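A.B. asks: Model the structure of this input:
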Amino acid sequence: MRKILTAVLCLSVPGLFVLNAWQGYRANTLADRVDDLEQQQKELLSANRDIIGQIAYETSPARVAEKAAGLGLVAPSDTDVIRLQARPEAGGGPAQ
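C.D. replies: All right, here's what the predicted structure looks like:
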């Protein structure tokens, strides 16, 4: 019985070293993956910020007016615009 216990202990110590090394390898691999994902996130946030800035620039009134002028469009005069105002029904519900 004593020889079996000694044999089990002698075999378990190298096995535990192997398991420890494997766990360290897995942790290192995961840390590298996290670093890669964080770098990718920074790149995506930077690209997102640039795109939001481009959208703000392209939708600014000055830029829209510049594009419209480039297409030959002109703003309508106040006399050419007809404004309609909808009045709510007396009953407050949809018309039947």
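A.B. asks: what comes up buried for the worst-scoring helix or strand of the chain on mean pLDDT?
C.D. replies: Lowest by mean pLDDT, DSSP states H and E among the helices and strands of the chain is helix 61-70, with a mean of 91. Judged by neighbour count (16 or more other C-beta atoms under 10 Å), helix 61-70 contains no buried residues. Bear in mind the C-beta positions are built from the backbone N, C-alpha and C, glycine included.
A.B. asks: List of residues touching that helix?
C.D. replies: The contact list for helix 61-70, computed with C-beta atoms under 8 Å, 6 or more residues apart in numbering, reads 57, 74-75.
A.B. asks: elements contacting the helix or strand hosting residue 54?
C.D. replies: Element membership for residue 54, per DSSP states H and E: helix 2-58. If contacts are counted by 3 or more C-beta pairs under 8 Å, 6 or more residues apart in numbering; DSSP states H and E, helix 2-58 sits against no helix or strand.
A.B. asks: what pLDDT, on average, does that helix get?
C.D. replies: In this model, helix 2-58 has a mean pLDDT of 94.
A.B. asks: Could you tell me how far it lies from the centre of the chain?
C.D. replies: Centroid separation between helix 2-58 and its chain, computed with C-alpha atoms, centre = their mean, to the nearest Å, is 22 Å.
A.B. asks: what's the angle from that helix to helix 61-70?
C.D. replies: For helix 2-58 against helix 61-70, the angle by axes from the mean of the first three to the mean of the last three C-alpha atoms, to 10 degrees is 60 degrees.
A.B. asks: just to revisit the earlier point, will you turn the contacts of helix 61-70 into JSON lines that also has distance to residue 30 and neighbour count?
C.D. replies: Formatted as JSON lines, those follow (distance: C-beta to C-beta, whole Å; neighbours: other C-beta atoms under 10 Å):
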{"residue": "57", "distance to residue 30": "41", "neighbour count": "10"}
{"residue": "74", "distance to residue 30": "62", "neighbour count": "7"}
{"residue": "75", "distance to residue 30": "59", "neighbour count": "10"}
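A.B. asks: out of those, which one sits closest to residue 38?
C.D. replies: residue 57 (29.0 Å; C-beta to C-beta).
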